[in-house]
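> here is a sequence together with a model predicted from it:
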Amino acid sequence: MASSVLPHAKLDWTISKLEKAVALHPEDLGVRLDLSRAMLSRGWMHGGGEPDCTTALGLARRVLQDDPTAVGALVVAGAALVGMERHEAAEKYLSQAYAAEPDRADLFLALGALESLGADLGAAVRNFERSCRLAPEAWETHLLLGRALMALAREGRASRLIERASYHLVRAMRLDPTPDQHPKMLRDMGICCMQTGRTKEAQRFFVRLRENPDHAAIAKFYLGVVAYDSGKYNNAIQHFRAYLREKPDDTNVLAKMAMAWFQMGDFSKARSACNKALLVDPAHLQARYALGCTLLEEGDPAEATKVFRSTLRDHPEHMPTYVEMVRTRRHTQDSTWLIKALQAEAGTFDRLPPGGKVNARDMTRKRISTLLDEFRAVGPSLLSPVLAAIDLTQDEGLRFQLWEAACTMVLGAVADAAAFRLREPARFYGPGLGLEALSAAAVLPDPVLTTGLKLEEADLKKAAVDRHDPAADVSAHRENITKERRRARAYQALLLLAIGVRRSTSGKALLARWAIDADSDLSCAAWAGLAMYGEPIATAKLAAMAAEKGATGVVDRLLSHVMPPTEAPSPRRVESSEQTRCSTCGSGASEVGYLMAGSHAVVCDRCVIVVGQHRSTLDAPEQACCSLCSRSAFEARGVYSYNGVEICSTCLDLSLGQLEREEVDRFLSAW
C-alpha cells in the first residue's frame, strides 16, 4: 500500500473534524499535533499557502509550550516557517528536531524545502534523497525530489539529473497522489520528456494537461514549445495564439512567437510580435534579440547593430546576442571592429576575477571563441591580429586557444590553395601538391580529394611535353612520360592517405575499391588509408607486405601513430539465464535487481549504489582503469575502487540509471 508523510485524504473534512476535537479537548496534545500536520499539509501541498502555514505554526508552538521535546511539533513548526519563507526561524526548529531524532522522513522533507528556499539545490536534493530512502513508498518524497532534480538540471543541463527526475516523478505518479497534484505532475513529466528528446510523449502529457480548465493555458504554451523544438513552427504559432487569447500580454510567449515567425521567414510578422512584447516590457531580452535578428534578415544591419549593442549594454552575458553582433560585423566587412574587439577581450582577461554568479572569465573566453570563429571565416588576412593577441595575456589556456586558432587559419589557407589546384589535377599534380593535401586533409572535403585523384594517360603525356624541355628523341620523350607517371603515382598515393586521414564513410568505400583494383603500389597506399580507419583486414594486409620486404618494425611504428584509438566497450546488462555473479559481492542474477558485465568484471545494482553513495572515499589509484570499460582517470571524471573492482564515473552513471530508465520507459509505453 502506498503511504504518505503528511495527511492528504479528505483533508478539509479531516481538518474540520480535528478542529472540533481540539475545541472539545484542548489539553490533548496529540490531537493538536494532528491538526497542525493537517494544516501544514494543506498549506504546503494543497494551495492553502501562508495562512494555513501560520495556523500550523501556532498549533505546533502550543504543543511545544507543554512539551518542548515533541519532535513532531518541532518539524511542523520548522516546515511551516519554510512555507512562510522565514529561513532563519525555520532552521532553528529543524536543527532541534535533527538533534533529537535524525531519522524522520518529514524532517528531511522540510530540510530539503529549507535548502530550496536558500537556493542550495545540491543540499536540497541530498535531503530529499534521505527522505526518499526513509519513506520510499510516499509520493511526496519522490515528487519533491524529482522537482529538485529538475531545478538542479536547469543550472547545468545534466542529462543524468533529468533521467533521475523522470524516474522519481514516475514513482510519485504510481504511488497514488491526491488528484489535485495530477496537473502539475503532468506538466513536470512533459518538461522532462522535452528535455530528454521524447517530444511525442511530451506532447501527450501536455494534451492531457490541456483538458484541465485551470491548466489549459500553460498546456497550450508548452505544446507550442514542443512544436517549436520539433521544427513545426506553424503549429507552434497556433498554440501560442491560443495561449495569448487567455494571456495576451505574456511577453515571453510573444517573443517565442516572434522567433517562430522568424524561422518561417515571415519577418514582418516576427517584427510585429517583437514590438508587441517590447510595448509591454521594453527591456525584454528575448524580444530584443529576436528583433535584432529580424532586422538583420530584413537587410538593415545598421539598425540590427543598434539593437544588439543596446541589448549587450543591459545584458553583457547574453551570448546569442553577442554572436549575432560579431557575425553582423563580419558580414559588413568591419574587420577593424573585429580586431579591436579581440584586443579588448584578450587584453582584459587577466584582470578579471574568477568565479562569481556571472563568471566574467568564462564569459570572456566564450566571446573570444565567437570572435575567432569569425576570424577563421574571414581567412588568413586576419592572422596577424590573432598572433598579436597572444602577447596580451599571460593565461596559458587562452594563449593556447589563440595559437590553435592561428594554426587553424593557416591550415585553412593551405587547404584553400590546395583545393584550387586539386580541382584541376591534370595541370597541377605532383608530390608537392599531394603533401599539401595530406597536411590539410582534415579540412578538405572528400569530393575535392576524389576529383584530385582523376588522372588519365593523356594527362601524363601532355605533362611530359609541357613540364620538360623539348625531347631530343623518342627515348627521351618516353623517359619524361615515365618520370611523370612516377610523380602521378606518388601524388595519388598521398591523396589516398589524405582520404584515410579524414575517416569518412564515402572515403572508406573509395579506398576499398582502390585497394582491390589498383596496381600494387597504389593498392598499398589504399590499404594504409584503410588501416587508419582501424580495419583489421587492412592492418593484416600491410603486416604481410611488410614481412615480405623485411620492414615489419617500420610499418608497426607507423601504424601505432595512425591507427584510431580503440573505443571503450560499454558494459551490458547480464541476462537472467546467464550463470555469472557479481565480482564484488558474489550475488547472482536472481538475487539482485540486475548485473552489469564489462570487459573484466561484473557488478550488481546493490554494489553500484554503495559506490555511488560513498564515491568520495573510494578513489582508485591514479593508474587504475575501469574494470567494466577500461577507461582511465584521464578519460572519466573519476575511477573508484570497491572490493577489488574499479568502476569509472561513466559506467557508474550508466549502471545507476539502468533500472530508472527501464521504469520510465515502461511507464511511458503504457501511459
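Received, thanks.

> roughly how far does residue 174 sit from residue 154?
25 Å (CB to CB, to the nearest Å). Placement of C-beta: from N, CA and C, glycine included.

> kindly report the same for residue 219.
For residue 219 relative to residue 154 (CB to CB), the value is 20 Å.

> and for residue 59?
36 Å.

> with neighbour numbers in mind, choose between the two.
The neighbour count for residue 59 versus residue 154, taken as other CB atoms under 10 Å, is higher for residue 59 (26 against 14).

> confirm that the more buried one sits in a strand.
No: per DSSP: H, G, I helix; E, B strand; the rest coil, residue 59 lies outside any strand segment and is helix.

> now do the same contact list for it.
Counting by CB atoms under 8 Å, 6 or more residues apart in numbering, residue 59 touches 32-33, 35-36, 39, 76.

> ok, and the most crowded of those?
residue 76 (32 neighbours).

> that one contacts residue 58, correct?
No: look at residue 76 against residue 58 with CB atoms under 8 Å: they stay out of range, at 10.5 Å.

> would you map the helices across the stretch 451-600 of the chain?
Under the criterion DSSP state H, counting those that start in this stretch, the stretch 451-600 of the chain contains helices at 457-466, 474-502, 505-517, 520-531, 536-549, 552-562.

> elements contacting the second one?
Under the contact criterion of 3 or more CB pairs under 8 Å, 6 or more residues apart in numbering; DSSP states H and E, the helices and strands touching helix 474-502 comprise helix 431-439, helix 446-452, helix 457-466, helix 505-517, helix 520-531.

> which of those helices is buried the deepest?
For the helices and strands packed on helix 474-502, the largest average neighbour count (mean count of other CB atoms under 10 Å) is found in helix 520-531, namely a mean of 21.

> before we move on, the earlier item: with secondary structure and distance to residue 116 as new columns, can the contacts of residue 59 be given to me in CSV?
Below are those laid out as CSV (DSSP: H, G, I helix; E, B strand; the rest coil; distance: CB to CB, whole Å):
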residue, secondary structure, distance to residue 116
32, helix, 28
33, helix, 25
35, helix, 26
36, helix, 22
39, helix, 21
76, helix, 18
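
> please identify which of the residues you listed is nearest to residue 20.
residue 35 (10.0 Å; CB to CB).

> need the contact list for that closest one.
15, 18-19, 21-22, 59.

> going through the residues you listed, which ones are buried?
The neighbour count (16 or more other CB atoms under 10 Å) marks 15, 18, 21-22, 59 as buried among these.

> need the max-distance pair from these.
21 and 59 (12.2 Å).

> residue 112 reaches residue 149, doesn't it?
No: contact between residue 112 and residue 149 fails when scored by CB under 8 Å: they sit 11.2 Å apart.

> and for these two, which residues touch both?
Joint contacts of residue 112 and residue 149 (CB under 8 Å, 6+ apart) are residue 125.

> low-scoring stretches of the stretch 501-650 of the chain, by residue?
Within the stretch 501-650 of the chain, the stretches with pLDDT under 70 are 564-569, 576-578.

> how about 80 then?
Along the stretch 501-650 of the chain, the parts satisfying pLDDT under 80 run over 559-570, 575-579, 589-590, 613, 633, 635.

> likewise the stretch 301-450 of the chain?
In the stretch 301-450 of the chain, residues with pLDDT under 80: 354-358.

> recalculate using a threshold of 70.
In the stretch 301-450 of the chain, residues with pLDDT under 70: 355-358.

> quick one, helices of it?
Counting by DSSP H, counting those that start in this stretch, the helices of the stretch 301-450 of the chain are 301-314, 319-331, 335-349, 360-378, 383-389, 396-422, 425-428, 431-439, 446-452.

> how about the stretch 101-250 of the chain?
According to DSSP H, counting those that start in this stretch, the helices that the stretch 101-250 of the chain contains are 105-117, 121-134, 139-156, 159-174, 182-195, 199-210, 216-229, 233-246.

> between the ones you listed, which gets nearest to residue 559?
helix 159-174 (36.4 Å).

> packing partners of that closest one?
helix 139-156, helix 182-195, helix 658-670.

> CSV please, covering those helices and showing distance to residue 387.
Compiled in CSV, the helices and strands packed on helix 159-174 are given as follows (distance: least, CB to CB, whole Å):
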stretch, distance to residue 387
helix 139-156, 35
helix 182-195, 42
helix 658-670, 49
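
> make a markdown table from these and add mean pLDDT to it.
As requested, these are arranged in a markdown table below (pLDDT from 0 to 100):
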| stretch | mean pLDDT |
| --- | --- |
| helix 139-156 | 87 |
| helix 182-195 | 92 |
| helix 658-670 | 81 |
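
> right, and the ones you listed - which one's nearest residue 618?
helix 658-670 (19.8 Å).

> ramachandran angles for residue 70?
With angles defined as degrees, to the nearest 10, residue 70 sits at phi -70, psi 100.

> name the nearest residue to it, sequence neighbours excluded.
Distances taken as CB to CB, 6 or more residues apart in numbering place residue 63 nearest to residue 70, at 5.3 Å, with adjacent residues excluded.
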